[in-house]
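> 3D, please:
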Amino acid sequence: MSSTYAPPAPAIAAAVEPSPSAVSWGAIFAGALAAATLTLTLMLLGSGLGLTMASPWAGQSASITTFAVSTVIWLVIVQWLSAGFGGYLTGRLRTKRVGVHSDETFFRDTAHGFMAWAVATLLVAGMLGSAMSSAVGTGVRAASNVASGAAMGASAGAAANAGSGSATDAVSYFVDTLFRPADPARLAAPEGEGDAAAVAQASRILTASAAAGEVSAADRAYLGQLVAARTGLSPAEATERVNAVLAQAEAAKVKAQKAADTARKAGALFALLGALSLLVGAFVAGVAAAMGGRQRDDDEALYLGTAR
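This next block holds a predicted model:
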């Protein structure tokens, strides 16, 4: 009885790669930390450079538009350098998966660079968010106070609600100008209740007129009578003084409105270009990560070729 012996076929072990996550969070956080650290360093440098553009002396500081544009340009530079550096590190440190198409590898490297940029942006926003919000809020309140202080009427209501005396001081200055005596010796004379009532009436007229946007003819004529009775000026001189003070108040209001409008435009420009700088950073991070991944693969191929 003959039997044919057939040796067992060699077991062919199929190389089955485990299916780990396609996201290398270690590389992402490493790149994000590097980008955030470089961002903070460059932001401090930019703050020092920005302080050189400001001066307490009139005419020696850069305009608010120039300051905003310079800040945005610096933000673009910061995003370019930090996002590029962080994205490149992420691409180099990312674990390459075997058996993955080159196009898929390119996509994953780019996505890792974008994720590193996103994490770094959140880190920087968390560290600087409160400080930036405080600075922006202070600037907006300052511009609002300047404009409302010149407008007098609107500022009087705001000052009553906020407990600020800036609007009252502005009205008091113009009232004092109205009732400035022709003879300075009258300042030494004790003021009666009639004078106090005249001052109070003039203050209310100016406040109501500023809120309405104009001084009515009746109020203008009554102010002239009050000024004439209070200062001893002739009716014509009193009317001329009323017109001059109202013109000064209107000029101050227009000047403050122009300053507030300039600050508004600069703020809008800063916000729009700041968002653009973030988009630039996201793009640079993705490109830098792809470049880092390509260099990682080239170095690996060169090493394997040399080893053989």
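> residue 175 against residue 202, yeah?
Yes: using C-beta atoms under 8 Å, residue 175 is in contact with residue 202, at 5.3 Å. To be clear about C-beta, it is placed using only N, CA and C from the backbone, and glycine gets the same treatment.
> C-terminal to the host helix or strand of residue 34, what's the next element?
Using DSSP states H and E, residue 34 maps to helix 25-51. Counting by DSSP H and E, the next helix or strand C-terminal to helix 25-51 is helix 64-93.
> please name the nearest non-neighbouring residue to residue 75.
Excluding the flanking residues, the one nearest residue 75 by C-beta to C-beta, 6 or more residues apart in numbering is residue 277, at 4.3 Å.
> tell me the contacts of residue 81?
38, 42 (C-beta atoms under 8 Å, 6 or more residues apart in numbering).
> read off the pLDDT value for it.
pLDDT for residue 81: 92.
> with neighbour numbers in mind, choose between residue 175 and residue 202.
Each of residue 175 and residue 202 has its neighbours counted (other C-beta atoms under 10 Å); residue 202 has more, 23 against 19.
> ok, now how distant is the more buried one from residue 217?
Per C-beta to C-beta, to the nearest Å, residue 202 is found 16 Å from residue 217.
> again, but for residue 209
Taking C-beta to C-beta, one finds residue 209 at 11 Å from residue 217.
> ok, the two, which is more surrounded?
For residue 209 versus residue 217, neighbours defined as other C-beta under 10 Å are more numerous around residue 209 (19 against 8).
> the more buried one and residue 250: what is the separation?
Distance of residue 209 to residue 250, given as C-beta to C-beta: 10 Å.
> same question, residue 174
Counting by C-beta to C-beta, the gap from residue 174 to residue 250 is 11 Å.
> between these two, which has more neighbouring residues?
Remark: of residue 174 and residue 250, residue 174 carries more neighbours, 18 against 15, as counted by other C-beta under 10 Å.
> was I right about the more buried one contacting residue 206?
Yes: contact criterion C-beta under 8 Å: residue 174 and residue 206 qualify, at 6.2 Å.
> pLDDT weak spots in the stretch 1-150 of the chain?
Residues of the stretch 1-150 of the chain that meet the criterion pLDDT under 70 lie in 1-21, 50-65, 68, 98-99, 129-150.
> mind redoing it with 90?
Within the stretch 1-150 of the chain, the stretches with pLDDT under 90 are 1-25, 39-79, 92-106, 108, 123-150.
> for residue 278, see how far away residue 122 is.
12 Å.
> looking at the two, which one has more neighbours?
A count of neighbours by other C-beta under 10 Å puts residue 278 above the other of residue 122 and residue 278, at 16 against 13.
> can you give me the helices for the chain?
Taking DSSP state H, the helices of the chain run over residues 25-51, 64-93, 102-151, 153-162, 166-178, 193-212, 217-231, 235-307.
> just name the most buried of these.
helix 64-93 (a mean of 21; mean count of other C-beta atoms under 10 Å).
> leaving out chain neighbours, which residue sits closest to residue 199?
Nearest residue to residue 199 in three dimensions, chain neighbours excluded: residue 175, at 5.8 Å (C-beta to C-beta, 6+ apart).
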